[in-house]
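Visitor: Here you go, sequence then predicted model.
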Amino acid sequence: EAGVAQSPRYKIIEKRQSVAFWCNPISGHATLYWYQQILGQGPKLLIQFQNNGVVDDSQLPKDRFSAERLKGVDSTLKIQPAKLEDSAVYLCASSLLARSYNEQFFGPGTRLTVL
Amino acid sequence: GENVEQHPSTLSVQEGDSAVIKCTYSDSASNYFPWYKQELGKGPQLIIDIRSNVGEKKDQRIAVTLNKTAKHFSLHITETQPEDSAVYFCAASPAAGNKLTFGGGTRVLVKP
């Protein structure tokens, strides 16, 4: 079974530029998550989708971050404009359902460096 | 919201010894507590989990314990091996929504 795919794996940009990350979840998984993992910290949930609807985006900085999952499968996370403090690994995860006890499977992440 | 504290932040053990990582959580509504292992350049991978109606769970060399009254849970790794070297994260999730709140992580180094 193929895992969660993410691209690109690495991205370096200047502050105030924009950037987009792509995620393809495990086939059949209805729930998709984006996490931000700052170096030396645990992942922090940014947004959770159930199919193509948003379940939780309470920690998403909506003035600069946006995410979509138009067809309920793959997803894109965008940052515009980027700040230095956005340097982090952006992890995508998926689970079969949004109910508790459902294992979340993580992709390898995209490492973003903002200069 | 939920807050998860994890200790220690780093742990160095001799191969064959045991390692223990402890976490506390704040939200009494949390009822699912997974543990993830993250190797360099990879995403976290679930290694074991425990539900609130269970006090202890074991899987080969790994065990987790949960004390709901005290709101803390622990990971125990016995007979550590070099391949156990990684960063370990605890997490907590409420009954609905499957939202995970992670601890800050523990970097475990197993010395041969």
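Guide: Looks like it came in fine. Numbers count the residues shown, from 1 in each chain, chains lettered A, B, ... in the order given.
Visitor: ok, the closest residue in space to A:Asn52 that isn't next to it in sequence to A:Lys78 distance?
Guide: Closest residue in space to A:Asn52, ignoring its immediate chain neighbours: A:Gly72 at 4.2 Å, by Cβ to Cβ, 6 or more residues apart in numbering or on different chains. Yep, even glycine has a C-beta here, placed from its N, CA and C like the rest. As judged by Cβ to Cβ, to the nearest Å, A:Gly72 and A:Lys78 stand 18 Å apart.
Visitor: How about A:Gly42?
Guide: A:Gly42 is 23 Å from A:Lys78, by Cβ to Cβ.
Visitor: B:Ile47 now?
Guide: For B:Ile47, the distance to A:Lys78 - Cβ to Cβ - is 32 Å.
Visitor: cool, A:Val89 as well?
Guide: In terms of Cβ to Cβ, A:Val89 sits 16 Å off from A:Lys78.
Visitor: who's more crowded, the two?
Guide: A:Val89 (21 against 14; other Cβ atoms under 10 Å in any protein chain shown).
Visitor: returning to what we had before: is the residue nearest to A:Asn52 part of a helix or strand, or is it coil?
Guide: Three-state assignment for A:Gly72 (DSSP: H, G, I helix; E, B strand; the rest coil): coil.
Visitor: That one: neighbour count?
Guide: A:Gly72 - counted by other Cβ under 10 Å - has 14 other residues nearby.
Visitor: Does it touch A:Thr31 like I think?
Guide: No. Counting by Cβ atoms under 8 Å, A:Gly72 sits too far from A:Thr31 to count as a contact (10.3 Å).
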